[in-house]
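> missing the sequence, but the structure's below:
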């Protein structure tokens, strides 16, 4: 799924669904996602703690994080992308 993002001069299409993320920054300015807000089938927002980041991939204007979180008794893997210029986190499908 692609979402359109518009600023004053340009229009962009970003891959994924926008998502709420709580992140921390170190002294060098590197970002690390800590919590995500997921919406369940009933529209309730559930907070999930990210257990770790397996790897990151930097691209032109974005960084993708391969993250692991625990859902019940299972660990699940998700990909989060942070678009730097747009200050936007998206959950990749």
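Received it, and whenever you're ready, just let me know what you need. The structure displayed is predicted, hence computed values, not measured ones.
> return the set of buried residues in the one helix or strand residue 69 maps to.
Using DSSP states H and E, residue 69 sits in strand 62-71. Within strand 62-71, the residues that qualify as buried are 62, 64-65, 67, 69, counting by 16 or more other C-beta atoms under 10 Å. (Each C-beta comes from the backbone N, C-alpha and C, glycine too.)
> tell me what it is packed against?
strand 31-39, strand 45-59, strand 74-83 (3 or more C-beta pairs under 8 Å, 6 or more residues apart in numbering; DSSP states H and E).
> ok so, going back, quick check, nearest of the buried residues of strand 62-71 to residue 49?
residue 69 (6.4 Å; C-beta to C-beta).
> where does the prediction get shaky in the protein?
1-14, 93 (pLDDT under 70).
> circling back to that earlier point, would you mind giving the helices and strands packed on strand 62-71 as JSON lines with distance to residue 18 and mean neighbour count added?
Supplementary listing: those in JSON lines, determined by distance: least, C-beta to C-beta, whole Å; neighbours: other C-beta atoms under 10 Å:
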{"stretch": "strand 31-39", "distance to residue 18": "11", "mean neighbour count": "15"}
{"stretch": "strand 45-59", "distance to residue 18": "13", "mean neighbour count": "12"}
{"stretch": "strand 74-83", "distance to residue 18": "10", "mean neighbour count": "15"}
